[in-house]
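>>> This is a predicted model, with the sequence first.
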Number of protein chains: 2
Amino acid sequence: MARRNDHTREEIQGMAIDATRTLIATEGLEGVSARKVAQHIGYTVGTLYQNFDNIHELILHANAFSLTQLLAALEKVYQAEPRPLPRIISIANTYLDFGQKHEKQWAAIFRHTLPQDFVMPDWYQARIDALFSLIERAVWELAPSRDKKQIQLASRTLWSSVHGICILNTGNKLYSENIATPQTLMQSLVTNYLSAWIQEGSRA
Amino acid sequence: MARRNDHTREEIQGMAIDATRTLIATEGLEGVSARKVAQHIGYTVGTLYQNFDNIHELILHANAFSLTQLLAALEKVYQAEPRPLPRIISIANTYLDFGQKHEKQWAAIFRHTLPQDFVMPDWYQARIDALFSLIERAVWELAPSRDKKQIQLASRTLWSSVHGICILNTGNKLYSENIATPQTLMQSLVTNYLSAWIQEGSRA
DNA sequence: TTGAATGGTAAACATTGTTCAATTATGCTT
DNA sequence: AAGCATAATTGAACAATGTTTACCATTCAA
């Protein structure tokens, strides 16, 4: 049995988050339970509940970790590709790849529903914001003359759509006879949407 | 207590599905439990489990009902609007509306995850297929000269994107300062994507 | 060394899905 | 009409979930 001061509060929290991440990666979100996490780190549920208010907080931390990884991957391709349009396409494909390669983690992020009263913590919302802000930057690079409102509208539209393709791709195989790969859909979406959007701008 | 032959098997099943629907509509997916449904229809859990293999089947039936309602609404605007492009826009907006007006039901459909081993029943998959087929028809009307592969690609891309906007709209308020309404995003997506897609076709 | 504060545990509660032996009502047969 | 087989219904039980809390044990300060 673990004894007092074997680990600091912070260490226990870190271990618990790690354990949650492994559980998600191996068994999926449904495989996460307070007792399993506790057992994983050599403590009891009680101890877990002294470090986290509830299980949602724990899952949120694990998901935030995944979001950080995703964000890092996106930032990387942002840096690697200077040309505005190919850059956006790369980012979209990386987003898609991440969902495919880390299917369980992806599902955990977007299928996890928190209870009514639960308020999403700032540090979590911050990752989501960072994500959208990255896209906004990339779209701005593509059309720096457009005003902020238009950039925001286009990036939110585009990213909701990209996200939609990723969602329908993972889990439910909506592409029954794999006539078209999700990459093809992604290509079609980004190039078509953006080319028309740019034309719309040059017309004004 | 309910006695034998008060209701036929079919009646009990119908009542149970109705009860599930009400529970979803009022308390959301998380508000559904076998015992609650049973109590609602004046029977016991045991009886429920003689009419349904498990709770997922029950939820699936309730969701199928919602999908049928959605499909009916979409078919209606399909009939009402003969012009191909406005028709697609109408359908997309109706899709969005449905998600907004029946938020709980919508969430129940798209957030409900069934266990690994569970195979999606045919009668359920059929509704999804009907949905995609409706869009394919509408896209075909817009560009009847394009070949089947291209129609399929475009409709799946478009509808995944439409779906993405709906998803990010419900629940998590990703449009923090409501700078743009989801309707605006929808408009931007459909018109831009389709106008470029049509141009791409006329070039070939 | 003693006592207060805190780390940790184990047991308990309520609520889930699910199963099943026992009971009870029904309809058929004699 | 009586009895019996069949099928419907119950209610209790199981395991697993999240969450709380009374209690025990360890550490550190006085």
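Received, thanks.

>>> The residue in chain A positioned nearest to chain B: which element?
Here the residue of chain A nearest chain B is A:Gly164; by C-beta to the nearest C-beta that distance is 2.1 Å. Placement of C-beta: from N, CA and C, glycine included. Secondary-structure assignment from DSSP states H and E places A:Gly164 in helix A:148-169.

>>> and that helix, what other elements does it pack with?
helix A:84-101, helix A:122-142, helix A:182-203, helix B:148-169, helix B:182-203 (3 or more C-beta pairs under 8 Å, 6 or more residues apart in numbering or on different chains; DSSP states H and E).

>>> and the residue nearest the centre of chain A, what element?
Computing the C-alpha centroid of chain A and ranking residues by C-alpha atoms, centre = their mean puts A:Leu67 first, at 4.3 Å. With elements taken from DSSP H and E, the one containing A:Leu67 is helix A:55-80.

>>> so, in contact with DNA strand C or not, that helix?
No - Helix A:55-80 is not in contact with DNA strand C by C-beta under 7 Å from any atom of the strand; minimum separation 12.7 Å.

>>> Pull the distance from that helix to the chain's centre.
Mean-position distance between helix A:55-80 and its chain equals 6 Å (C-alpha atoms, centre = their mean, to the nearest Å).

>>> mean confidence score for it?
Mean per-residue pLDDT for helix A:55-80: 98.

>>> again, but for stretch A:137-144
97.

>>> residues of that stretch that come out buried?
Neighbour counts using 16 or more other C-beta atoms under 10 Å in any protein chain shown place A:Ala138, A:Val139, A:Trp140, A:Glu141, A:Leu142, A:Ala143 of stretch A:137-144 among the buried residues.

>>> what's the neighbour count on A:Trp159?
Per other C-beta atoms under 10 Å in any protein chain shown, the neighbour tally for A:Trp159 reads 26.

>>> residues contacting it?
By C-beta atoms under 8 Å, 6 or more residues apart in numbering or on different chains, the contact set of A:Trp159 is A:Leu131, A:Phe132, A:Ile135.

>>> mind checking how far the residue nearest to the centre of chain A is from B:Gln69?
Going from A:Leu67 to B:Gln69 by C-beta to C-beta, to the nearest Å gives 35 Å.

>>> Just give the closest residue to A:Asn192, not the sequence neighbours.
The shortest distance from A:Asn192 to any non-neighbouring residue, by C-beta to C-beta, 6 or more residues apart in numbering or on different chains, is to B:Ala196 (3.8 Å).

>>> Touching, A:Val32 and A:Thr20? I think so.
Yes - A:Val32 lies in contact with A:Thr20 (C-beta atoms under 8 Å); the separation is 5.8 Å.

>>> quick one, which of these two is more surrounded?
In terms of neighbours (other C-beta under 10 Å), A:Thr20 is the more surrounded of A:Val32 and A:Thr20; the figures are 29 against 21.

>>> Quick check: which element contains the more buried one?
Secondary structure assignment for A:Thr20, by DSSP H and E: helix A:9-27.

>>> Just confirm yes or no for that helix near DNA strand D.
No - Helix A:9-27 stays clear of DNA strand D (C-beta under 7 Å from any atom of the strand), getting no nearer than 9.5 Å.

>>> Against which helices or strands is the helix holding A:Leu67 packed?
helix A:9-27, helix A:34-41, helix A:84-101, helix A:103-111, helix A:122-142.

>>> Mind listing what's buried along it?
A:55-67, A:70-71, A:73-74, A:77-78.

>>> and the residue nearest to A:Ser90 when sequence neighbours are not counted, what does it touch?
Closest residue to A:Ser90 apart from its sequence neighbours, by C-beta to C-beta, 6+ apart: A:Val77 at 4.5 Å. The contact partners of A:Val77, taken as C-beta under 8 Å, 6+ apart, are A:Arg87, A:Ser90, A:Ile91, A:Thr94.

>>> what's around A:Ile12, how many residues?
20.

>>> ok, now how distant is it from A:Leu58?
12 Å.

>>> ok, now which ones touch the nearest residue to A:Gln152 once chain neighbours are set aside?
Once flanking residues are discounted, A:Gln152 sits nearest to B:Ile179: 5.8 Å by C-beta to C-beta, 6+ apart. Applying C-beta under 8 Å, 6+ apart, we find B:Ile179 in contact with A:Lys149, A:Gln152, A:Leu153.
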